[in-house]
Structures are given as structure tokens and as C-alpha cells.
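Undergrad: Using only what follows, build the 3D model:
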Amino acid sequence: MKILLKSEIKMKSWIYNNCGTHLACDARMPCAVVCLLLLLAANCCGSADRKLDASCTYRAAVVEHVQVSTIQQDDAQITMCKNLHVYKMKVIEAAAQNASIVVFPEYGITGTIPAERNVALSWLEEIPQPDDPNYPTPVCIQNKHGALYLACAVQPPAHSYFVFKALQCMAQVYKVMIVANMGEVEYCQPLSSSAATSPVPSLAPSSLTPQSTTAISAGNCPADGRYHFNTNVVFDDYGRLLVRYRKQHLFAEPAFDTPSFSEPGIFTTDFGSFATFTCYDINFYYSSAAVVFQNNISNVAVPINWADALPVSLPLQTFSGWALGTGVNVLAANIRTETQSGSGIFSGISGDMAYVYDVDGTSTELLVADIPCHKQTNRVSKGERLQSNKTEMHKKERKPERENRNTNKKKNSKRNVKSISVTKVIAEKKATSSKYFQNDVLGVLFNFTYLEESSGNLTVCSLDLCCKLDYSAKDALFSGETYALGVYNNLYNTSDNFEDPFWWQVCVLLKCADSPNSNRSTACGQPVYQAKTTFESFKMSGNFWVKFISPSILVDKARSQGKVDLELSPLGEWGFDNQKEVMYSLKGVNDALVSATLQVFEPDKHDSSKGLDVECYCKQV
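TA: This next block holds a predicted model:
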């Protein structure tokens, strides 16, 4: 248990003053230990009050990983072994800094797995159930200095399941919890008679767990007799498997299957309750936020492989905003390449604790931060606003999420205009002013209106979502830069490769890319890395149908001085109100503003089973 108090002296003083000699202590449980456990139970985790206790923290680590080998360079086992060696070095580094938990990125061990299933199989391993009593703890080989020896380092034995065992031994030897992502295979028995004649899998079910030797039966079992899953595993500091979480929502991942049901990614530690999910899952309320709210989760560990998606979905924007909106700690670990970066440790109360954005970086980086212990409570009153009587008329019983996706995917363009009355009102007030325009942002059309003056009030709408902005820019005429207020309120589905489109609501104040004035409308929504304009004050709000809002502000610390220095504006320079669905900065953001964003993922009102008119209209209110 690695709970970090303010100092050892304060801990000893507290024990002396508060415990005395009345505790039931013995040689196995000294008084200091008993008292410390009582302290943690009373002051860190047991109270119904969610206020921040600054004296109770735990140390978290995330790894932004640069893959040292790719699928094109080496075979599966050599690639995975090389990356595991880097993982081991970072675990040692994190353990040396007394980290309690380390989170690694999605696809960090394997890289993108080939789509062809027989080829993909060599990158996958069976993973036992966390509660499997028959699976023994592996013998971890250490050298004379106590360092873990990875068996694959010299000559990886064929299909030895060394990835699972290597991660397990890292946790056991270096006494730190590990959250990692890996490829999983689970064998099943196809029910169709034609499948019986399908080729035998190139790998027979292993003896990793005795229960796995009997293939499971399932009506949707693939013809080759096996499921392929994108899976997170969580090991405690004894090397015990706590969680096997299979990614629910795939993002153009043809090598993998979607699980037919969700195994909960929930686990409990000495320093708080946790959930884990994977990357794209965060865009779906019922696979991410609902898990947090319904189970009183305080911390989320998220392996991601998240590309740069400026201006509104840089990983820093998405995960820092999600942490603030839900009120929980988020540990997000990303892959680093020359075109993507963004990992961090984000507090749901204090904002960003440690993060990195460095597309020029060429090496794996470890981030470490002390995170406040959030006390357990029901967050419904804080994270979810109550729906008014006006909205009750639109509520319907939600069908299973995946069923809605499959049965309605082809009906999006033929939705019932009468299903939401406000849409008809908007349709009757189509704007003709040239100040409103549409432009592509990440493959979909946003509605925009320009900030024409150095201060003012603006509104822009899409369907029944209207975004309002009150602002005052510090630099006259925006230092020659163009800013716009944008809105999106529709399905986000830019490709047939998306198995799961989600409903996305966004209000964004952003700097448009530099361009000749005649073409400036096409520049709004393009990636922007530099800015010069600061704002003395602003207030942005939207009439979202939400469980919570995800707010973020991205700034240019370098002020367009010839280098990329994107950072998150610290929470002290701005604030937000979940219930009023507003973000504001009364005294201004100190650095040049790149974008200020409020976004909502898959609000209930836009469940695909309910039907909506998907035409976009712009109007001024």
C-alpha cells in the first residue's frame, strides 16, 4: 500500500496523539499499521462528503510509449518482446518513484494488429478470468540483483503466453499495480454445421487456464472458432489479475470482434475505486460515464491510441474535460508518434496534474503525479443535472446500445422531423445572413458565426442545440486573427469503418487557420497550433441534453513565436458549472487562446432509436 501523507513526522505524530495503546495490536499487525489503516478508512475513503482532503494522496504514473519495433519490421513475438522490455524499464522507474499504479497505452505492446485473422492470431493470447482459482501465480525469474528476467529476451518460446506472464511478473516483482492493453483470443464452438468443417485454428487452446480447454459455445461465434478481443488487463502489486476488460466500441479495428456482453472493468485498491475502459469507449455514456456514476468510481485508467484531432478532440482536451465533467481522476496513456501525442494525469477536482504533448519526442516518457484521494459518494446530484418536466416528454426507454446501432444505422437520413418540436421551430427560422456558414471539422460539418468585433454577444445553433458566447478580446481586432463560434449536434460518423457512430454535441470558440480574407470560412475548423490573441473575459454556454459536460481550454504558451507549445489553460484561470452548462473566465485566460470547448458524448435525447431530423440550420436567437 503506497499512500503518501504529507510527511513521516506528521504520520508518527498523528499515531502517537490519536492511537495511544488501546488498539488490538500484535506482531503481525503493529499499532502504527492498525492506526494508519483506521486513518485511511476514516479520512480518505469512508466519508460521504466529497470535499478534497489534501492530506490523502496516491502516486500515479502513465507512460506515453514510442514503439521500438513495428509489425513491418519484425515478427509478432520479437516486436512484443522489444516493447515489453521498454515497459519493464518504465515500471522500474515508476516503482523507484513510489508509484502505486502504472498505466500503459492501447496497442503499446503489439502495434496495430493485421486484419487477416490467421495472421492476427500470432499477436493474441488467451487470458484467464480474474476469479479463476485454478490459475497458479507464475514463477518470476530474477537475476542476482533482483531484476526481472524476461524469458522472451533471448529466444521467445513459441506461443508461450509471455506477454501476460511478463506483465504479471512486472507487477509482482516491482510491487506496483499495472494497467496494460493486449490482444486476446477466446475459443468458441460455432453452432452452424458449416463451421464444423472450417479449418482448425493454427493455435490450439492453451493450458494457461484449465477452464479454457473447453471451447465455449455461442450463436455468434466466428466461423474460425475463436473471438479476437482488444483487452485491458489489470494486475495488483502481487501479480494477481484483477480485471479483464474487453473494448466495447471498436474504431476501425478489423482484427477484433465486439464482445456480446461487457465484463465490468471495475477494481478496488487501497487508494480508491477504479474503472478501466479503452480509448473510443469514452465517447459512449453507457460504457464510460455510467460506470463511474453508478458505481461511485473515483479513478479511471484509460489505455488509448488517440490521434491528434484538433481543433476540438486533442487527447488532452477530451480526457481533461471528461475528468472535470465527471469529477473523477483520469489516467490516460497514449502512443507517441510523429503525428500524435497527448497523455496525462487529470484530477476531477484540481484539473491537470501532469501531462505531455510532444509530437517531436522520440522516446518513451513516464509521467508521475500525486493524486488527491476522492471520498466515496453518490455523484448524481453533482455530475448529472435533473431533467426538467419539459424534457420528460422526449424520454423513452433505452434499448440495448448495440441493438440500436445495428438496426438504425441505415435510417439516419430518414428520421422523423415531428419527433422533436423544436426542430420545426428552427426550420421555420432558417438564417440567410452571410455571417453564418458551415465548414468541415474532423470530417463533419459544423455551423459557425464569426467574432466580428473585439467584444460582443453571439449565438449559433444546430437543430435544438444553441451555443451562446459573451466575450471581450484583449487584443484589438484579434491581432489580425480570425475567431469563430461553432456548434455541432449530430451523429459523428465519417466513414463506413466506424462500427459505432455516436451522437456528438459541441460548442466551441476557436481560432481559424490563417488564410486570405476571401477564403477565411474554409479555414475555420482546420488544425491550429499557434495564436496571439488573449481574451479579457468570456462566457460560453449551450442548452445541452446532458449527463455532464466536458470543458477544456487549449492555449498557445509560445504566442506564435515560431514553435508549437500547446497547453491546457489551468483551471484557476477559468471555471465551469455542470448544472448551468456553462464555462467562463471572468478575469481572462493569460495565454493566447486556440480553442475553448464544451462537448457532450451521446446524450440520451439523441439515442438513435428515437429518430431525429438530421438537417442542419443556423439561426440567430
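Undergrad: Can you tell me the closest non-neighbouring residue to D591?
TA: Using C-beta to C-beta, 6 or more residues apart in numbering and skipping the chain neighbours, the partner closest in space to D591 is V555 (3.8 Å). For every residue, glycine as well, the C-beta is placed using N, CA and C.
Undergrad: my read: the one you found touches W574, true?
TA: No: between V555 and W574 there is no contact under C-beta atoms under 8 Å: 10.4 Å.
Undergrad: Can you pull out the low-pLDDT segments for the stretch 501-621 of the chain?
TA: 515-521, 559-563, 603-621 (pLDDT under 70).
Undergrad: the helices in it, which residues?
TA: 520-523 (DSSP state H, counting those that start in this stretch).
Undergrad: all strands of it, in order?
TA: Taking DSSP state E, counting those that start in this stretch as the test, the strands found in the stretch 501-621 of the chain are 502-511, 535-542, 550-556, 566-568, 575-577, 582-585, 592-601.
Undergrad: Among those, which comes closest to A484?
TA: With C-beta to C-beta, the closest approach to A484 among those belongs to strand 502-511: 6.3 Å.
Undergrad: ok, the residue nearest to D591 - contacts?
TA: The neighbours of V555, taking C-beta atoms under 8 Å, 6 or more residues apart in numbering as the test, are A531, L566, E567, L568, S569, V589, N590, D591, A592, L593, V594.
Undergrad: Report the beta-bridge partners for it.
TA: On the basis of DSSP bridges, V555 takes part in beta bridges with E567, L593.
Undergrad: quick one: the residue nearest to L554 when sequence neighbours are not counted from A332, how far?
TA: Setting aside the residues directly before and after it, L554 is nearest to V594 in space (C-beta to C-beta, 6+ apart), at 4.4 Å. V594 is 20 Å from A332, where distance means C-beta to C-beta, to the nearest Å.
Undergrad: between those two, which one's more packed in?
TA: Remark: of V594 and A332, A332 carries more neighbours, 30 against 25, as counted by other C-beta atoms under 10 Å.
Undergrad: ok, back up a step: out of the strands of the stretch 501-621 of the chain, the one nearest T339 is which?
TA: Comparing those by C-beta to C-beta, strand 566-568 comes nearest, at 14.2 Å.
Undergrad: From the contact counts, what lies against the closest one?
TA: helix 315-326, strand 351-356, strand 550-556 (3 or more C-beta pairs under 8 Å, 6 or more residues apart in numbering; DSSP states H and E).
Undergrad: Distance to V233 added to these, as a markdown table?
TA: Below are the helices and strands packed on strand 566-568 laid out as a markdown table (distance: least, C-beta to C-beta, whole Å):
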| stretch | distance to V233 |
| --- | --- |
| helix 315-326 | 21 |
| strand 351-356 | 24 |
| strand 550-556 | 27 |
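Undergrad: and L84, which of the ones you listed is closest to it?
TA: So among these, strand 351-356 is nearest, using C-beta to C-beta, at 22.0 Å.
Undergrad: Strand partners (parallel or antiparallel) of that closest one?
TA: Applying DSSP bridges, strand 351-356 is found paired with strand 343-347 (antiparallel).
Undergrad: pull the CA atoms of the partner strand into PDB?
TA: What follows is strand 343-347, C-alpha atoms only, in PDB (Å, rounded to 0.1, in the frame of the first residue of the first chain):
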ATOM      1  CA  SER A 343      -1.100  11.600 -22.200                       C
ATOM      2  CA  GLY A 344      -1.900  12.800 -18.800                       C
ATOM      3  CA  ILE A 345      -3.000  12.500 -15.200                       C
ATOM      4  CA  PHE A 346      -6.100  14.700 -14.600                       C
ATOM      5  CA  SER A 347      -7.900  15.400 -11.400                       C
END
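Undergrad: which residues sit against that strand?
TA: Strand 343-347 has contacts (C-beta under 8 Å, 6+ apart) with 60, 62-64, 105, 304, 315-316, 319-320, 323-324, 329-334, 336, 352-356, 365, 367-369, 371-372.
Undergrad: The same query, at a cut-off of 6 Å, please.
TA: The contact list for strand 343-347 (C-beta atoms under 6 Å, 6 or more residues apart in numbering) reads 60, 62, 64, 320, 323, 329-334, 352-356, 369.
Undergrad: just stretch 274-284 next, same as before
TA: 106, 179, 232, 245, 247-249, 251, 265-267, 287-288, 291, 297, 299-301, 303-305, 502, 601-602.
Undergrad: Identify all contacting residues around stretch 523-539.
TA: With C-beta under 6 Å, 6+ apart, stretch 523-539 has contacts from 310-311, 439-441, 446, 448, 470-475, 478-479, 481, 484, 511-513, 515, 556, 559-560, 564, 584-586, 588-589, 592-594.
Undergrad: got the CA positions of that stretch in CSV?
TA: What follows is stretch 523-539, C-alpha atoms only, in CSV (Å, rounded to 0.1, in the frame of the first residue of the first chain):
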residue,chain,number,x,y,z
ALA,A,523,-10.1,28.0,-42.6
CYS,A,524,-12.4,27.7,-39.5
GLY,A,525,-12.1,24.2,-38.1
GLN,A,526,-8.7,23.3,-39.5
PRO,A,527,-5.9,22.4,-37.1
VAL,A,528,-4.3,25.4,-35.4
TYR,A,529,-1.2,25.2,-33.3
GLN,A,530,-0.4,28.9,-32.8
ALA,A,531,-2.2,32.0,-31.7
LYS,A,532,-1.6,35.6,-30.4
THR,A,533,-5.0,36.8,-29.2
THR,A,534,-5.9,36.7,-25.5
PHE,A,535,-9.4,37.3,-24.0
GLU,A,536,-10.1,39.6,-21.1
SER,A,537,-13.3,37.6,-20.4
PHE,A,538,-15.7,35.2,-21.9
LYS,A,539,-18.8,33.1,-21.0
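Undergrad: Give me the buried positions along that stretch.
TA: Within stretch 523-539, the residues that count as buried by 16 or more other C-beta atoms under 10 Å are 523-526, 528-538.
Undergrad: Buried subset of the contacts of stretch 274-284 as a ChimeraX selection?
TA: Per 16+ other C-beta under 10 Å, the buried members of these correspond to this ChimeraX selection:
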select :106,179,232,245,247,248,249,251,265,266,267,287,288,291,297,299,300,301,303,304,305,502,601,602
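Undergrad: Brilliant, that's me finished.
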